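> Could you work out the structure for the sequence below:
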Amino acid sequence: KQWYQRRVAITAGDISAKELKGALKMLGQKTDTKSCKKMIKAYDKNNTKRMEFREFLDMMANVFQYHLSHPESQKQNGAGIDDATNRKMEDLFDSLDVDESGFIDPEEIVKLTETLGEKMAIDEVKELIKQVDKDGDGRVNKEEFKRLMCSK
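The predicted model follows:
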């Protein structure tokens, strides 16, 4: 959230392949600029060659869905994750958990998207959460978040 808000303040609200690479690195994902260009091309609905926030959310939802359907690609809760990466994931989770409930709920995501100028409907957000929510409670807890963010 903080990373994207800083980018929105500087740009028109979209990001380049190099910036996407930095964002994914912050999320514990290793990739190169060439792969990021391919990701942008795949999700760039309006052919700007940059990724808008909604496109970024669509991509991340697909990443989460992939991890749910390919559990062998996930590291288990902290196993093999260095302390710095684990802390970054926890910090990211905490920045999204605005009410400090220990969960990211649909309302928090709606408020985030509104703040970033790309408000999503609550039903859209609930659908995204379903893809991430392993225990079916309609929210994302820290362990679900970390498990999905840590891929080989």
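> Now do the strands in this protein.
Counting by DSSP state E, the chain has these strands, from start to end: 14-15, 51-52, 103-104, 140-141.
> next one: the first one to chain centre, how far?
Centroid separation between strand 14-15 and its chain, computed with Cα atoms, centre = their mean, to the nearest Å, is 14 Å.
> Remind me what it packs against, helices and strands.
With contacts taken as 3 or more Cβ pairs under 8 Å, 6 or more residues apart in numbering; DSSP states H and E, strand 14-15 sits against strand 51-52. To be clear about C-beta, it is placed using only N, CA and C from the backbone, and glycine gets the same treatment.
> next one: the third one
Strand 103-104 is packed against strand 140-141, with contacts defined by 3+ Cβ pairs under 8 Å, 6+ apart.
> what residues does the strand it packs on touch?
102, 103, 104, 105, 129, 132, 133, 135 (Cβ atoms under 8 Å, 6 or more residues apart in numbering).
> mind running it again at 10 Å?
By Cβ atoms under 10 Å, 6 or more residues apart in numbering, the residues outside strand 140-141 that reach it are 64, 93, 96-97, 101-106, 108-109, 128-129, 131-135, 147-148.
> Now do the contacts for the residue in the chain sticking out farthest from the centre.
Largest separation from the mean C-alpha position in the chain: residue 47, at 21.6 Å (Cα atoms, centre = their mean). By Cβ under 10 Å, 6+ apart, the contact set of residue 47 is residue 41.
> pLDDT at it, what is it?
Reading off the confidence values, residue 47 has pLDDT 88.
> related to what we said a few turns ago, counting only helices, which of the contacts of strand 140-141 make the cut?
Using DSSP state H, the members of those that fall in helices are 64, 93, 96, 106, 108, 109, 128, 129, 131, 132, 147, 148.
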